[in-house]
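Q: A structural model of the following input is requested.
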Amino acid sequence: MITIRPLQTLEELHACEQLQKEIWGFEDISVVPHHLILTTIKNGGVLLGAFEDGRLIGFVYGFPGIENHRLKHCSLMCAVLPERRFQGVGYELKLKQREAVLAQGLELITWTFDPLVSPNANFNLHKLGVISNKYERNLYGDMRDRLNAGLETDRLTVEWWITSPRVQKRLQQEQRVTASDLPVINQTEERDGFLINRDYSLKRTEPKLLLEIPYHWQRMREQNMPLVQEWRRQTREIFEHYFAHGYYASDFLVIEQGERKRAFYLLERTTREVLINSS
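A: Okay, here's the model as predicted:
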């Protein structure tokens, strides 16, 4: 059974440091240290741990911030040990984070993620109901951990409007969009076991568009880094163009075609107000 509760003791904060090393492969210089975490949680920060049989297997951590003269919560890390991923632990951590931030009277949580990591995109956009229209090039510069080494750290900054009708409906698991008949920005094909972009358009104007990315991203990282870098350059151009023309990333769809899985962003030309007040 999983128990989620605040981490408070120095022993627990040191366990959080160790978990960062196990999950990301951080060197000591990259670990968020216990004394910094302690200072933030004593001043409005939120640090929640997931325990299984007394062992820390995941955590979520963030702190207050300001955006456009408005208070928000900035979520820095949410992570689960590899052997316990895709089993609902991260989802429960985010729900508890939402409860804690709501208790502080805040309505917005923001964080960043790599737009080419399809499991994270599905978790953030489809399950939690975040939205994004902000693409940031090489945000963190050169990172030395095993998940980011060798690739520019482009990120989407997402907004999780935790009191909105949109998020409430997502958390009730009311499903929404299908991919049938929606226009696709990029034309792809499988070549030598990897997905490639044959072509893509920056001239689409339909209100809803799909953008395909590789489903098996980690395998591509391990076996074909030049192709990974090409996907980074191409999707960077696509996201920046369509965001500049009024589109938001509003959902993420995984489609099964026989034994193959395909992954698509849904981009919508709309406003923030319309999105967060819809499903």
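
Q: So which elements touch the helix or strand residue 58 falls within?
A: For residue 58, the element it lies in under DSSP states H and E is strand 55-67. Contact analysis of strand 55-67 by 3 or more CB pairs under 8 Å, 6 or more residues apart in numbering; DSSP states H and E lists helix 10-24, helix 34-41, strand 46-52, strand 70-80, helix 89-103, strand 108-113 as its packing neighbours. Every C-beta, even on glycine, is put in place using the N, C-alpha and C of the backbone.

Q: Give me the sheet partners of the shortest one and which way each runs.
A: Going back to what we said before, that points to strand 108-113. strand 70-80 (parallel), strand 155-161 (antiparallel) (DSSP bridges).

Q: just to revisit the earlier point, and the angle from the strand holding residue 58 to strand 155-161?
A: Angle between the axes of strand 55-67 and strand 155-161 is 90 degrees (criterion: axes from the mean of the first three to the mean of the last three CA atoms, to 10 degrees).

Q: What residues of strand 55-67 count as buried?
A: By neighbour count, and taking 16 or more other CB atoms under 10 Å as the criterion, the buried residues in strand 55-67 are 56, 57, 58, 59, 60, 61, 62, 63, 64, 65.

Q: again, but for stretch 161-172
A: Buried residues in stretch 161-172, counting neighbours by 16+ other CB under 10 Å, are found at 161, 162, 164, 166, 167, 170, 171.

Q: repeat for stretch 108-119
A: Buried residues in stretch 108-119, counting neighbours by 16+ other CB under 10 Å, are found at 108, 109, 110, 111, 112, 113, 114, 115, 116, 117, 118, 119.

Q: ok, those residues vs residue 15, which is closest?
A: The shortest separation between residue 15 and any of those is 22.0 Å, and it belongs to residue 111 (by CB to CB).

Q: Enumerate every residue touching that closest one.
A: Residue 111 is in contact with 62, 74, 75, 76, 78, 157, 158, 160, counting by CB atoms under 8 Å, 6 or more residues apart in numbering.

Q: Next: residue 8.
A: For residue 8, counting by CB under 8 Å, 6+ apart, the contacting residues are residue 41.
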